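> sequence and predicted structure, then a few things I'm wondering about:
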Amino acid sequence: MHSSSSSQSKTTTHTYISDKVRTLPPSGIRRFFDLLASMEGVISLGVGEPDFVTPWHIREYAIYSLEKGYTMYTSNKGMPELREELAKYLYSQHGLDYNPEEEILITVGVSEGLDLALRAILNPGDEVIVPDPCYVAYPACVTLAGGVPVPVSTSEDNDFKITAKDIARQITPKTRAILFGYPANPTGAVLSREELLQIAELAKQHNLLIISDEVYGRLVYGVEHTCVASLPDMKERTILLNGFSKAYAMTGWRIGYAASGSEVIAAMTKIHQYTMLCAPIMSQMAAIEAIKAGDREVAGMVEDYDRRRRVMVKGLRDIGLPCFEPKGAFYAFPSIKITGMTSEEFAEKLLREEQVAVVPGSAFGNNGEGYIRCCYATSLKEIEEALRRIERFVHRRLKRPSG
Amino acid sequence: MKQIFKALEGDARLTPEQISTMTGIPVDEVKKTIKKAEEDKTILKYKTVINWAKLGEEQVWALVEVKVTPQRNVGFDSIAERIYQFPEAHSVYLASGTYDLAVLVVGKTMQEVAIFVSEKLAPLEAVQGTVTHFILKKYKEDGEILEGGEGVKRLPVTP
């Protein structure tokens, strides 16, 4: 679904919009938004952000910084104190040694970091390997940067993990990079160190970069998160993207960072200085407080997500929807194939009949067809009620399979 | 094991089955752990946090600072016991600083609280003096914000 179509090229009506943007498919997530807005009593499992508000000490610090008059531009790369704190953090967390002067760039969320990374490394027609299904922005950003996204199928049989073997099959002379995010949106899949090592080996063999979106890295349950850049000889070969949105419940602050070798970071900084100038100073201030003193809150939120994760997964399985165990992020990705419906049909009818919003798996790629994404970053009460409604809905279908 | 208690502390009405699902600990083990904790008083009791003001129920709370003379061998414990036996004493803490015992007193009227302090608390032999602070408004109790709060502001569907 992410490949650009050329069917519109025959249309002769005038348009101001470039071919690239015109042919880019709109995000499958947004489609439900209008329908949803007109309905009442909807329980939404369709969100992609924490239900926590940013911890108070972080908000309080940002308010204080405003009172003190921190309202101006910062250095393009971001405030030195924040970069230094991040360097310390990456060292203590992953044993990574980044020079905060040259190897770390503060970005407006991981979203900007992703865009910068792709634009910095791609020549027109270069190929970037992405998992299918994956976060909606990956293939779109590759296309916008002039590249060609090459999906590599992942499936429930392998817990939606991308493998070195499958990647190898898609490598061509034009392949420049492998782009993925584990723990994964939309599946909750996590790659082990061994699995990442094999992919890293492959990247070295074929001289590829790995763009690793680790924004869900802190949200893992009973497993360790391995930072790709921390694998042997992978620091220069990895563009590490991370941010504060998910772990610290700071989605609206739009603050993240990129870390890599100085050459790549300098190239990304060049684009960033012309397009974004710098990340907002109040968000950078908040990020400093988060990274210095946010650990306790993060741990508390992770414990909470874990409880809800178990309730969600067990609930879906009890209903009869097969669901592999997601070990990270805050999504469950059950199969709805037994209902005989497509993901979109399921999501739309579920919303109309039972007022529960989920995101159809097909929004995340062809291999997401037959699945739905259920976010469990919502209160236990709502999860339990949503599960009751989904059960009613599914069991109605199973009674008359033709429906 | 701690997960069981954290879950219960957040919501005392959770069933062992629910806790088992939330923690991945088998139901029997959850039941056994809770039973043992109830017996050895790790779990003291299950209670409900109620905003009485909403029911129009008048309640008067006062924080009473109590300065006492510690006694040989038992320190503050024996005088603390004499105070916490009164049902009017909602909570009793030994505190560092300019006074010794902090006593949270609750009554139906200001008069009732005043009478308790002046006729029961202050006259106790070891008590040197008391300072009573009436509570004017409650904002947060047992970790719960009583009014206001922040509500949901996020959009229902996001990537």
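Looks like it came in fine.
> the spatially most central residue of chain B pairs with what?
The C-alpha lying nearest the average C-alpha coordinate of chain B belongs to residue B:91 (Cα atoms, centre = their mean; 6.1 Å). Beta-bridge partners for residue B:91, by DSSP bridges, are residue B:104.
> would you mind listing what in chain A touches chain B?
A:27, A:29-30, A:32-33, A:36-37, A:42, A:44, A:46-49, A:51, A:53, A:135-137, A:185, A:251, A:303, A:307-308, A:310-311, A:314, A:357, A:359, A:380 (Cβ under 8 Å from any Cβ of the partner chain). Just so you know, the C-beta spots here come from the backbone N, C-alpha and C atoms, and that holds for glycine as well.
> go again with 7 Å.
A:27, A:29, A:32-33, A:36, A:42, A:44, A:46-49, A:53, A:135-136, A:303, A:307, A:310-311, A:314, A:357 (Cβ under 7 Å from any Cβ of the partner chain).
> please flag which of those residues sit within helices.
A:32, A:33, A:36, A:303, A:307, A:310, A:311, A:314 (DSSP state H).
> which non-adjacent residue is nearest the fifth one?
This points to residue A:307. Closest residue in space to residue A:307, ignoring its immediate chain neighbours: residue B:22 at 4.0 Å, by Cβ to Cβ, 6 or more residues apart in numbering or on different chains.
> how about the strands in chain A?
Secondary structure of chain A by DSSP state E: the strands cover A:43-44, A:104-107, A:127-132, A:148-153, A:175-180, A:209-213, A:238-243, A:256-259, A:331-332, A:356-357, A:359-360, A:372-375.
> low-confidence stretches in chain B?
B:159 (pLDDT under 70).
> so where's the longest helix in it?
Max-length helix for chain B by DSSP H is helix B:27-39.
> distance check, the residue nearest to residue A:307 against residue A:333.
20 Å (Cβ to Cβ, to the nearest Å).
> these two - which one has more neighbours?
Legend: neighbour count by other Cβ atoms under 10 Å in any protein chain shown for residue B:22 and residue A:333, higher for residue A:333 (28 against 23).
> surely the more buried one touches residue A:375?
No. With contact defined as Cβ atoms under 7 Å, residue A:333 does not count as touching residue A:375 (10.4 Å).
> break the chain into its domains for me.
Defaulting to chain A. Split into domains by automatic domain parsing, chain A comes to A:7-53+A:297-394, A:69-294.
> let's do chain B instead
B:2-39, B:53-137.
> reformat these as a markdown table; add distance to residue A:284.
Output for the domains of chain B, formatted as a markdown table (distance: least, Cβ to Cβ, whole Å):
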| stretch | distance to residue A:284 |
| --- | --- |
| domain B:2-39 | 33 |
| domain B:53-137 | 37 |
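> which residues of chain B lie near chain A?
Listed as neighbours of chain A in chain B under the rule Cβ under 7 Å from any Cβ: B:6, B:7, B:21, B:22, B:23, B:24, B:150, B:154, B:156, B:157, B:158, B:159.
> what ranges do the helices span in the chain?
All of this refers to chain A. Using DSSP H, the helices of chain A run over A:19-22, A:31-37, A:56-67, A:80-94, A:109-121, A:137-144, A:164-170, A:193-205, A:262-275, A:281-293, A:295-319, A:343-354, A:380-399.
> ah, no, chain B please
Going by DSSP H, chain B shows helices at B:2-10, B:16-23, B:27-39, B:77-84, B:110-115.
> report all helices and strands that the longest one contacts.
Same thing as helix B:27-39. Using 3 or more Cβ pairs under 7 Å, 6 or more residues apart in numbering or on different chains; DSSP states H and E, the elements in contact with helix B:27-39 are helix B:2-10, helix B:16-23.
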